[in-house]
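Q: build the 3D model from these lines:
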Amino acid sequence: MIGPFVVVGRRDRRRLSSPEDAAAAQAARADQGRHAAERHGAQGEVWRNGQNSPYS
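A: So this is what the prediction gives:
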């Protein structure tokens, strides 16, 4: 019973989206990936600095 509502909702969502929406979503994914890469790099630096610590 819910299936037809889901299908129609997805169809309408695709129909209502514009190329600008797609570009904004792509930009958001790129920003998210860049942020994740920076965070990963920062965590690696903290770990390496801890390994070189005179207190370890």
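
Q: low-confidence ranges, this structure, go.
A: 5, 13-17, 46-47, 49-56 (pLDDT under 70).

Q: what's the longest helix in this structure?
A: helix 19-51 (DSSP state H).

Q: in that one, what's buried?
A: With burial defined by 16 or more other Cβ atoms under 10 Å, not one residue of helix 19-51 is counted as buried. Yep, even glycine has a C-beta here, placed from its N, CA and C like the rest.

Q: how distant is it from the center of its chain?
A: 8 Å (Cα atoms, centre = their mean, to the nearest Å).

Q: with stretch 4-23 instead?
A: With Cα atoms, centre = their mean, you get 20 Å for stretch 4-23.

Q: show residues contacting that stretch.
A: Applying Cβ atoms under 8 Å, 6 or more residues apart in numbering, stretch 4-23 turns out to have no external contacts.

Q: using PDB, list the CA coordinates for it.
A: Provided in PDB are the C-alpha atoms of stretch 4-23 (Å, rounded to 0.1, in the frame of the first residue of the first chain):
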ATOM      1  CA  PRO A   4       2.900   3.700  -4.900                       C
ATOM      2  CA  PHE A   5       3.400   6.700  -2.600                       C
ATOM      3  CA  VAL A   6       7.100   6.100  -2.500                       C
ATOM      4  CA  VAL A   7       7.400   5.700  -6.300                       C
ATOM      5  CA  VAL A   8       5.300   8.900  -7.000                       C
ATOM      6  CA  GLY A   9       7.300  10.800  -4.400                       C
ATOM      7  CA  ARG A  10      10.600   9.900  -5.900                       C
ATOM      8  CA  ARG A  11       9.400  10.600  -9.400                       C
ATOM      9  CA  ASP A  12       8.100  14.100  -8.400                       C
ATOM     10  CA  ARG A  13      11.300  14.900  -6.500                       C
ATOM     11  CA  ARG A  14      13.400  14.200  -9.600                       C
ATOM     12  CA  ARG A  15      11.000  16.200 -11.700                       C
ATOM     13  CA  LEU A  16      11.100  19.200  -9.400                       C
ATOM     14  CA  SER A  17      14.900  19.300  -9.000                       C
ATOM     15  CA  SER A  18      16.800  21.700 -11.200                       C
ATOM     16  CA  PRO A  19      20.300  21.600 -12.600                       C
ATOM     17  CA  GLU A  20      21.200  24.100  -9.900                       C
ATOM     18  CA  ASP A  21      20.100  21.700  -7.200                       C
ATOM     19  CA  ALA A  22      22.300  19.000  -8.700                       C
ATOM     20  CA  ALA A  23      25.300  21.400  -8.900                       C
END
